[in-house]
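Engineer: Make a model of this:
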Amino acid sequence: TRSGSSSCRPRRRAQLVAMQMRELASQLQQIIDFQAAYWNSSFSLGLTVKGETISVAGGVNSWQSGRKPPTRVDTSSLYPMGSATKLYTSVAALQAAESKLLDLDAPVGPVVSPLLK
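Structural biologist: Reported below is the predicted structural model:
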């Protein structure tokens, strides 16, 4: 019946979207793995498209000294907080420069020296 076939369309569309998302995740994983090997580093990427989430990661996690050999990075890997704060620090510095609170061309020594004492 026509009513039965139209109710299958949303389900079929959802299956198609899920299949496309799995394919995209697979392609992204290949890119992440290649880049991690090429740069001898680790990478992770997460994105959401139309309510569907993809998470991929690659490389090795060698920052924890108690782990030998380094463990393979996956989407549940933990990273030191410093790895995530660079972005926030950069944005804060640029905002301070925009507000004329920080001169990006000035020497850094006078700013850092008092912090080191």
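
Engineer: alpha carbons only for contacts and neighbour counts from here, please
Structural biologist: Noted.

Engineer: Scan the chain for its longest helix.
Structural biologist: helix 2-39 (DSSP state H).

Engineer: Which other helices and strands does that helix contact?
Structural biologist: strand 43-49, strand 52-58 (3 or more Cα pairs under 8 Å, 6 or more residues apart in numbering; DSSP states H and E).

Engineer: ok, so what distance separates the spatially most central residue of the chain from Q29?
Structural biologist: The centre of the chain sits closest to L45, judged by Cα atoms, centre = their mean, with a distance of 3.5 Å. Relative to Q29, L45 is positioned 9 Å away (Cα to Cα, to the nearest Å).

Engineer: Which neighbours do these two have in common?
Structural biologist: V56, A57 (Cα atoms under 8 Å, 6 or more residues apart in numbering).

Engineer: Tell me how many other residues surround R72.
Structural biologist: 13 (other Cα atoms under 10 Å).

Engineer: Now it. Nearest residue, chain neighbours left out?
Structural biologist: Closest residue to R72 apart from its sequence neighbours, by Cα to Cα, 6 or more residues apart in numbering: V60 at 4.4 Å.

Engineer: For A25, see how far away the one you found is.
Structural biologist: Relative to A25, and taking Cα to Cα, V60 is found at 19 Å.

Engineer: L16 too?
Structural biologist: Taking Cα to Cα, one finds L16 at 14 Å from A25.

Engineer: now A92
Structural biologist: For A92, the distance to A25 - Cα to Cα - is 32 Å.

Engineer: Those two: who's more crowded?
Structural biologist: Taking neighbours as other Cα under 10 Å, A92 and A25 compare with A25 leading, 18 against 12.

Engineer: Let me see the contact set for the more buried one.
Structural biologist: Counted by Cα under 8 Å, 6+ apart, A25 has contacts I54, S55, V56.

Engineer: What lies in contact with the strand or helix carrying T89?
Structural biologist: For T89, the host element (DSSP states H and E) is helix 81-98. Residues from elsewhere that reach helix 81-98 (Cα under 8 Å, 6+ apart): L102, D103, L104.

Engineer: Next, count neighbours for the last one.
Structural biologist: Okay, so that is L104. For L104, using other Cα under 10 Å, the count is 13.

Engineer: Give me the secondary structure label for it.
Structural biologist: Counting by DSSP: H, G, I helix; E, B strand; the rest coil, the backbone at L104 sits in coil.
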